[in-house]
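S.K.: Any chance you could fold what I've pasted below:
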Amino acid sequence: MTKIKVLFVCLGNICRSPLAEAIFKHKVSQRGYHQFLEIDSCGTSNYHIGDTPDERTMTNALENGIVIHHRGRQLQSADLEYFDFILAMDKSNHQNILRLPKADQHQHKVFLMRSFDASDTHDEVPDPYYGGMRGFQEVFEILDRSTESFLQYLEQNYLNQK
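M.R.: So this is what the prediction gives:
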């Protein structure tokens, strides 16, 4: 089985997308799928290339039993070709992804993260950057639910197809 390649995308790659990546990696590892998936995250902007995630994201992740190992990077056109699933945190990120050259050939790979949210509110993942720690916990809970549903989708459609 070839690896399924998953990319999480937000604006700066220091809050939402590295957290989604870390939560998803944790779930994948717990289920023993790590050899079947390649997981990364990036931002649509170039604000934080090479930076570690926001300290509040790191703190919140640790409080929830998740460790983040990531350095910020910017989304590249080549990512559209390389990754099988590209999960945008909000509509603005989604639009920016689809503005990349040749995006029309890969739009079937691009989803809003919350389209996999198990709750009935299929909205955006809010950006917690300008808020307090409560916002970071809310984002954690949204991403925990959404990545769980996304992993169940992969299990049903790809991972258990042996």
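
S.K.: Mind jotting down where the strands sit in this protein?
M.R.: Here the chain has its strands, by DSSP state E, at 4-10, 37-43, 85-88, 110-112.

S.K.: Figure out which of the ones you listed is closest to residue 16.
M.R.: Closest approach to residue 16 among the strands of the chain (CB to CB): strand 4-10, 4.0 Å. Every C-beta, even on glycine, is put in place using the N, C-alpha and C of the backbone.

S.K.: What strands line up against the closest one, and which way round?
M.R.: Partners of strand 4-10 in the sheet, by DSSP bridges, are strand 37-43 (parallel), strand 85-88 (parallel).

S.K.: Contacts for it next, please.
M.R.: Applying CB atoms under 8 Å, 6 or more residues apart in numbering, the contact partners of strand 4-10 are 16-18, 20-21, 24, 36-44, 75, 79, 82-90, 93, 97, 113, 125, 127, 154, 158-159.

S.K.: Just the CA trace of that strand, in CSV.
M.R.: Taking C-alpha atoms only, strand 4-10 is exported to CSV below (Å, rounded to 0.1, in the frame of the first residue of the first chain):
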residue,chain,number,x,y,z
ILE,A,4,-1.6,8.3,2.1
LYS,A,5,-0.3,11.9,2.3
VAL,A,6,-2.2,14.4,4.4
LEU,A,7,-1.5,18.1,4.7
PHE,A,8,-3.2,20.5,7.2
VAL,A,9,-3.2,24.1,6.2
CYS,A,10,-3.9,27.4,8.1
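
S.K.: In this protein, which residue is most central in space?
M.R.: Geometric centre of the chain, nearest residue: residue 8, 2.6 Å, by CA atoms, centre = their mean.

S.K.: Tell me the spacing between that residue and residue 147.
M.R.: The gap separating residue 8 from residue 147 is 9 Å, by CB to CB, to the nearest Å.

S.K.: Just the buried residues of the longest helix along the chain, please?
M.R.: With DSSP state H setting the assignment, residue counts place helix 133-154 as the longest helix in the chain. Under the neighbour-count criterion of 16 or more other CB atoms under 10 Å, helix 133-154 has 135-136, 139-140, 142-151, 154 buried.
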